[in-house]
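1. Coordinates only, no sequence provided:
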């Protein structure tokens, strides 16, 4: 009988740690850079950015601040790193 409460406690701890994990949503390239789009809680997105020539195991060249949406984060990458001329890019 004492095993059930212990198992329940371990399940709760496991779920709590999973909820705190960040998730890789997508990867891509543009210009001289590549990125990974990550989310922490599906309402906070950020980019890890590398030079296109950087080793896949190297630390990111830059990690952005949090964005409210994946679209906002990808527009940022397109405007500032891929140098695309989008209507959303600041002039």
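-> Structure received. Values in this document were obtained by computation on a predicted structure and should not be read as measured data.
2. per-residue confidence for residue 5?
-> Here the pLDDT value assigned to residue 5 is 51.
3. Show me the residue sitting in the middle of this protein in space.
-> Taking CA atoms, centre = their mean as the criterion, residue 38 is the residue nearest the geometric centre of the chain, at 1.2 Å.
4. gap between the residue lying closest to that residue once chain neighbours are set aside and residue 52?
-> Leaving aside its chain neighbours, residue 38 sits nearest to residue 22 (5.0 Å; criterion: CB to CB, 6 or more residues apart in numbering). Where C-beta positions appear, they are placed from N, C-alpha and C, glycine not excepted. Distance of residue 22 to residue 52, computed by CB to CB, to the nearest Å: 23 Å.
5. in which helix or strand would I find residue 34?
-> Residue 34 is part of strand 33-39, with elements assigned from DSSP states H and E.
6. should've said residue 77
-> Residue 77 belongs to helix 70-80, assigned by DSSP H and E.
7. cool, and residue 53?
-> In the assignment (DSSP H and E), residue 53 maps to no helix and no strand.
8. which residues does it contact?
-> residue 32 (CB atoms under 8 Å, 6 or more residues apart in numbering).
9. 749 is where my numbering starts, stick with that
-> Okay, using 749 as the starting number, the last item reads as residue 801.
10. how much space between it and residue 832?
-> 20 Å.
11. quick one, what contacts residue 838?
-> By CB under 8 Å, 6+ apart, residue 838 lies in contact with residue 827.
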